[in-house]
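Peer 1: here you go, sequence then predicted model.
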2 protein chains.
Amino acid sequence: MTQHEEIRPSVQESLHRVIGILRNYEEDLVQRADTTERRELVTALVRKQDLAELQRLLDALHPADVAYVLEALPLEQRLIVWELVRAEREGEILLEVSDAVRETLIAHMGAAELVAAAERLDTDEIADLAPDLPREVMQDVFKSLSAEEREELRAALSFPEGTVGALMDFDMIRIRDDVTVEVVLRYLRRLDEMPDHTDQLFVVDRENRLKGLLPVNRVLVSEPEAMVVALMVPAEVKLRPDEKAQDAAIAFERYDLVSAAVVDDDEKLVGRVTVNAVVDFMREQRENELLAAAGLREEEDLFSSVWQSARNRWVWLGINLITAFIASRVIGAFEGTIARIVALATLLPIVAGIAGNSGNQTTALIIRALALGQISGGNARRMLAKELGIAALNGLLWGVVVGLFAFLIYHNVSLGLVMMGAMLLSLVVAALVGMTIPLVLHKLGRDPALGSTVLLTATTDSMGFFIFLGLATIFLL
Amino acid sequence: MTQHEEIRPSVQESLHRVIGILRNYEEDLVQRADTTERRELVTALVRKQDLAELQRLLDALHPADVAYVLEALPLEQRLIVWELVRAEREGEILLEVSDAVRETLIAHMGAAELVAAAERLDTDEIADLAPDLPREVMQDVFKSLSAEEREELRAALSFPEGTVGALMDFDMIRIRDDVTVEVVLRYLRRLDEMPDHTDQLFVVDRENRLKGLLPVNRVLVSEPEAMVVALMVPAEVKLRPDEKAQDAAIAFERYDLVSAAVVDDDEKLVGRVTVNAVVDFMREQRENELLAAAGLREEEDLFSSVWQSARNRWVWLGINLITAFIASRVIGAFEGTIARIVALATLLPIVAGIAGNSGNQTTALIIRALALGQISGGNARRMLAKELGIAALNGLLWGVVVGLFAFLIYHNVSLGLVMMGAMLLSLVVAALVGMTIPLVLHKLGRDPALGSTVLLTATTDSMGFFIFLGLATIFLL
C-alpha cells in the first residue's frame, strides 16, 4: 500500500489531506466565535490560507477523484469543498458523483450556475444529467445549443436508461472512403485533439451510411498514398440505439472492442459507444444487483439522514413482511398439530431454510443461463430434468441427515421419517419454483435478476411449512 | 430482434444452424444402423457434407462465438463440434469458454494437441490456461518457448488470481524518448500489425524504466520531426503486479483508460493491462458474486451430470444445515414456553425474517462503502450511529405493525407488546451484526462480499428466535 502511494499520490491520501484542512478551517471558525476584533482579522487570514490550499489540492485532482472526495464527506463539509471547485469543472464532476450525492450538490446550486456547468458538457453528457436538472435549467441549456447539438441532445434524451442509445456519444470522426491516408492525416491534424477512445474512424458515404471502419493503428502504419477504401474493414458489430445496453456489454466483452458504431434502420451512423461507457454501465449494473439483492431501492448517500435512508428500505421490508405474514398463517393453520407435538415447532426452520437455499441455487443458474442466451426450448426441458434430479438426490441425502437429527433429539422414528419426506418433497418443489419464477419473469419482459429471490423465498417458506406440517398431521396424529 | 439479426448474423442464429446440422447428422447415423451396405455409402457421403457445412460455419465465427456455441451444446454434440474446430483456433477458443466447459474439452484432447494449441498463444494467455493443463503438457510448452517468453510465462504464473499480475499481458510497444516521430513511425510500420488495444506507446530508458507515455493519437497528429520527449505525457496511473485486480478495475473505470503500465519496485516496465482484461475481470467478478450469493461454489456446465452439479451445491447446503440446526435448538430451548402458548410458533418466522432482511440491507451498504474505500475511523462511527438510528426507527414502525397483527389474530395485548419489543430489539441487533460482520471480514483480509450474508442470516435467525421466545418466557408465562 505504501509503495502504491509513492507512485500515485493516492486518492485516499488526498481525501485525508482534505479532511485535515477542513478540520483546521473549522477550528478557526470556532475560535473566531469568541475573540476580539483583532484576532478575528488574523483568523480570517488563516482561513483564507486554508481554503487556498484546499483549492490547489482540488485543482490537481482528476474530476473522478474530486467526486470520490465529495462522496466521502458529510454534507456540510461537502458543500464547502464544492464551493471551491472551479466553475468549469463542475459539470464533469456532477457526471461522476453518485445519484444521491449529485442531488445534494444540485440542490445548492443556482439556476445560472447549473446552466453554465451543463453548457460545458457534450450533449450525451447533458442527457445523463438531465433527469436531475430543474426544467427551466434544461430549457436554458437547450437555447444555448447549436441546431445540430439540439438534435443530438433530443436523440440522447429519447432513449430510456438501459438502452444502447443512453450509452452512446456523438464524438465519432467520420471520413469518406475515396480519399487517401494523407488527406485523412491532414484532416486529423486540423483537430485540436482527437476525441477520447478514438481507436477507429467511421467511413460513411454521402448519405451518412456506414460503409466500414478504419482502425487508427492501420492509419499509422500505412503509406500516405494508400486509399481509405483499400484499408478499411467491415463493421462486424453494429449496434442499434434501441437495443439493450446489456447486449452492447456482451458484444464489447466478447469481441474486445474499444468503440462500436451505432446505426439506425437505414444503416445511417447515429453515434458510437465506447468501452468506458460500457465499463460504467457494468459497474452500475453490478451495484444495482447487489443493492437489489439486499432489498435497497437505490444507493444511499453515506451521510443522508436516518429518515431518508429508512424510506429507501421500506418497500422491501414491507414486501418481506407480507410474505412473512402469509408464512405465519400457514403455520397457524396447523396450530392444533403443533399443540400436540411441540417438537414440530423447533424443526420448522430447517425444512424451509434448506428448501429456500436449494431453490436459490437453481434460480441463480437459470438467471445466468438466461443472461447468456443459453436457454432454448430443448435446453429448458433438459435443465428442468437435471434440476429435478439434483433436487431428488439432495432431498434423499439431506433428508436422511435431518431425519437422523430429528430422531436423535426426539427418539421418534415416525418424526424422523416425516422430516425426511418433507425435505425430499420441499426440495423438489423448490427446484420447480426456482426454475419457473425466473423463466416467467423473463417471458414477461422483466429482469429475472430483480425480484426472483423474494418471490422464491416467499414460496419456499410457505410451501416448506405446509409440506412439513401437512405430512406431520397425516402421519403423526 | 429481427432487425438485429439482419445486420449481425447473430450468434443465436448460428447456434440454431449448428443444432440443425447436428440433428441431420445424427438422423443419418441412426439410419445407417439398419441399412444395406449400399445405402451406408450414400449416408456416409451425406454425413460428410453435413460436417463440411458445419466446419464452414464454425470457421466463419469469432472464437468467442464458437465458445458460446460449445457451451450451449450437450457434451456429445459439443465434442463433435470441437473435433471440427481447426487446430490453430483451439487455443483461443479454450481461453474463451467457461472453466467447466474447458475441462470437458481438455479431457478429450491428446497431450500433443494441447501443446500445439497452447504454443500458439501469448505467454499471458498460456498462464490463464495453465491451471487446467496436465503437468507434462506445461513442461512441453515451456520447452518450446524462447528464453524471454519463458521469463514472461514464469512471471505471469507467479501472480495469483485477483492480482494485477494475473491480468497483465506483455504486448506493449516500447520506444525511447530521444527519437523523432518519424523514427517511431518507421518502427511501427515494420511490425506486421500493432497489438490489440495499443492506444499508447510506452517510453522507457535504457534500463527499461518507464519515463512516460506517448498516445497513439498524438503520434497521428504530430509533425514527423517532433521529438518523443516533447510529445510524451507522464504516466498518471502505474499499476504494480501485486496490487489487487479490483484496484486496477477502479482505476480503469475512474480514469477511462484503454491500457495502463505495470511497473515493478524499480519503476521498470514489466507489462501492461488492457481494458478488455478489465472487462473480463468485471464480468467474472459479477458472476462469482451472483453464484456465491446463491451458494454455488463455481459456475456449472449446463450439461454436467446431476452428480457433478449436486456436489457443487453441497458445501453451502451443509453450512446452511448447520446454522438451521442451531436455530432449531434455540427454539428447542423454549419448548416449554411454546407448549403453553402455541401462537408463538406461528409468529416465529416473522421476527427472524424481518431482522435478517434489515440486517442484510446494512451489510450491503457497508460492503459497497468498503469496496469504494469510503470507510475511515470517523465515518465508521457515523455510519454505525446512523444504522442504529434506522434500526430503531424501523423497529418501532414495523414493531407496531407486527404487534397489531399478533393482537388482531390472537386478541392478546401482552402478546402484541412482546412481539413489538422483540421486533425492535432484533432489528437493532441485526444492524449491529450486519455492520460488524463485513468490517471484521475486511480487517481479516477476506472479501466481505463472500460469506457475509450466510453469517448474518445465521446470526439473525438464532438471535431473533432467542429474543422473541425469551421475552415471551419472561412476560407471558
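Peer 2: Great, that's in hand. Remember, predicted model here, so these are calculated numbers, not experimental data.

Peer 1: from the chain's centroid, how far away is stretch A:300-317?
Peer 2: Computed by CA atoms, centre = their mean, to the nearest Å, the chain-centroid distance of stretch A:300-317 equals 18 Å.

Peer 1: quick one: the residue nearest the centre of chain A from residue B:442, how far?
Peer 2: By CA atoms, centre = their mean, chain A has its centre lying nearest to residue A:284, at 2.1 Å. Here residue A:284 is placed at a distance of 23 Å from residue B:442 (CB to CB, to the nearest Å). C-beta coordinates here come from the backbone N, C-alpha and C atoms, glycine included.

Peer 1: alpha carbons of stretch A:12-32, as CSV, please.
Peer 2: Output of stretch A:12-32 as CSV, limited to C-alpha atoms (Å, rounded to 0.1, in the frame of the first residue of the first chain):
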residue,chain,number,x,y,z
GLN,A,12,-7.3,8.2,-0.2
GLU,A,13,-4.3,10.3,0.7
SER,A,14,-5.8,13.4,-1.0
LEU,A,15,-9.0,12.7,1.0
HIS,A,16,-7.1,12.7,4.3
ARG,A,17,-5.5,16.0,3.4
VAL,A,18,-8.8,17.5,2.5
ILE,A,19,-10.2,16.4,5.9
GLY,A,20,-7.2,17.7,7.7
ILE,A,21,-7.5,21.2,6.1
LEU,A,22,-11.2,21.2,6.8
ARG,A,23,-10.6,20.4,10.4
ASN,A,24,-8.2,23.4,10.7
TYR,A,25,-10.7,25.6,9.0
GLU,A,26,-13.5,24.6,11.3
GLU,A,27,-11.3,25.1,14.4
ASP,A,28,-10.6,28.6,13.2
LEU,A,29,-14.3,29.2,12.8
VAL,A,30,-14.9,28.1,16.4
GLN,A,31,-12.1,30.3,17.7
ARG,A,32,-13.5,33.2,15.8
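
Peer 1: look at the residue nearest to the centre of chain A and report its pLDDT.
Peer 2: pLDDT, residue A:284: 88.

Peer 1: mind checking the backbone torsions on it?
Peer 2: Main-chain dihedrals, residue A:284, degrees, to the nearest 10: phi -60, psi -40.

Peer 1: quick one: distance of the helix or strand harbouring residue A:468 to the chain centre.
Peer 2: Taking DSSP states H and E as the definition, one finds residue A:468 inside helix A:452-476. Offset of helix A:452-476 from its chain centre (CA atoms, centre = their mean): 34 Å.

Peer 1: stretch A:201-215 and chain B in contact?
Peer 2: No. Judged by CB under 8 Å from any CB of the partner chain, stretch A:201-215 makes no contact with chain B; its nearest approach is 8.7 Å.

Peer 1: ugh, wrong one, stretch A:277-287
Peer 2: Yes. Using CB under 8 Å from any CB, stretch A:277-287 reaches chain B at A:278, A:279, A:280, A:282, A:283, A:285, A:286, A:287.

Peer 1: show me what counts as buried in that stretch.
Peer 2: A:277, A:278, A:279, A:280, A:281, A:282, A:283, A:284, A:285, A:286, A:287 (16 or more other CB atoms under 10 Å in any protein chain shown).
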